[in-house]
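Student: how would this look folded up:
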Amino acid sequence: MSLFMVDSEKCNRDGICVETCPAQIINRNGSNGLPVPAVDADENCINCGHCVAVCPTGAISLFKMNPEECSPVQQDLLPTPEQVEHFFRTRRSIRTYTENKVDRQILTKLIRLAAYAPSGHNTQPVRWKIIYDTGEVRRLAGLVVDWMRHVIEEQPDMAASMHLERVVASWEDGNERICRGAPHVIIAHAPKNLRPAMAACTIALAHLELAASAFGLGVCWAGYFNAASNLWPPMTAALELPEGHASFGAMMIGYPKYKYHRIPLRNEPKISWC
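Tutor: Got it, this is the predicted structure:
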């Protein structure tokens, strides 16, 4: 079966699909101008759907994707530059949370939105693990503290650079600085030997972070949690990720305890031009 099909009555032969195909596996038929697969199309197509998405007439259908299955772009819902600027500048990393749990359906929707993040060659390697039970979040935070104690003893210089003694002291005083009292933690994991995995997980988590505020949620990157996930065997075992997978990012998530009323200043970006 052909990789894609073209409705000759709908196709206006504009060649847009040919120009925008990332893998450049679409050619134009010399006799009638219709899009045709290149000789090596089957083995090089990444199923990104660019051709389906960009065709103004809905004339092209991939073997695994047709225009009717793809939602239309609603221009009136797209934010203005001013709205994007305000949205980005008001984003805050949240480190104080209420005790209210987030509905599982909301977390699922957030992850589905994050799944639209780009990944190398459209590999879509990101897999997700949600630590939903608040008690389990706390237990895992304790394992992170165990890792910190080990680093303090075995690698004091590294521990000092990461301020681990202060974090452990806070834990012993009843102040949990690992997950900051967040009710849930979301982990993005993927095959550790897959080249695009780290970048794909990072980008997907960044999408999730930005999307969360639209649902009234707060998030913060859980760096200590993620480090222990890969470096402390008891933590790695507790997470029970699939064989060969590694955590490439963890994020605490919940409802913010407080609201922010002003936008703090940031350093002017340093830009060079060629």
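Student: can you list contacts of stretch 137-151?
Tutor: If you take CB atoms under 8 Å, 6 or more residues apart in numbering as the criterion, stretch 137-151 is touched by 131, 158-159, 162, 164, 167-168, 171, 176, 178-179, 182-185, 224-225, 227-228, 231-232, 234-235, 238-239. Where C-beta positions appear, they are placed from N, C-alpha and C, glycine not excepted.
Student: buried set for it?
Tutor: Val137, Leu140, Ala141, Leu143, Val144, Val145, Trp147, Met148, His150, Val151 (16 or more other CB atoms under 10 Å).
Student: tell me which element Asn27 falls in.
Tutor: Assigned by DSSP states H and E, Asn27 belongs to strand 26-28.
Student: any idea of the mean pLDDT in whatever helix or strand comes next after that strand?
Tutor: Per DSSP H and E, the first helix or strand lying C-terminal to strand 26-28 is strand 35-37. Averaging pLDDT along strand 35-37 gives 94.
Student: so what's the gap between the helix or strand following strand 35-37 and the chain middle?
Tutor: Where DSSP H and E defines the elements, the next helix or strand beyond strand 35-37 is helix 41-44. Remark: helix 41-44 is offset 27 Å from the chain centroid, using CA atoms, centre = their mean, to the nearest Å.
Student: ditto for stretch 48-67
Tutor: Centre to centre, stretch against its chain (CA atoms, centre = their mean), the figure for stretch 48-67 is 24 Å.
Student: what does stretch 24-39 give?
Tutor: The answer for stretch 24-39 is 35 Å, by CA atoms, centre = their mean.
Student: need the distance between the two termini of it.
Tutor: 11 Å (CA to CA, to the nearest Å).
Student: for the helix ranked longest in the chain, what does the pLDDT average out to?
Tutor: When the chain is parsed with DSSP state H, its longest helix is helix 134-154. Averaged over helix 134-154, pLDDT sits at 98.
Student: tell me the gap between that helix and the middle of its chain.
Tutor: That offset, for helix 134-154, works out to 25 Å (CA atoms, centre = their mean).
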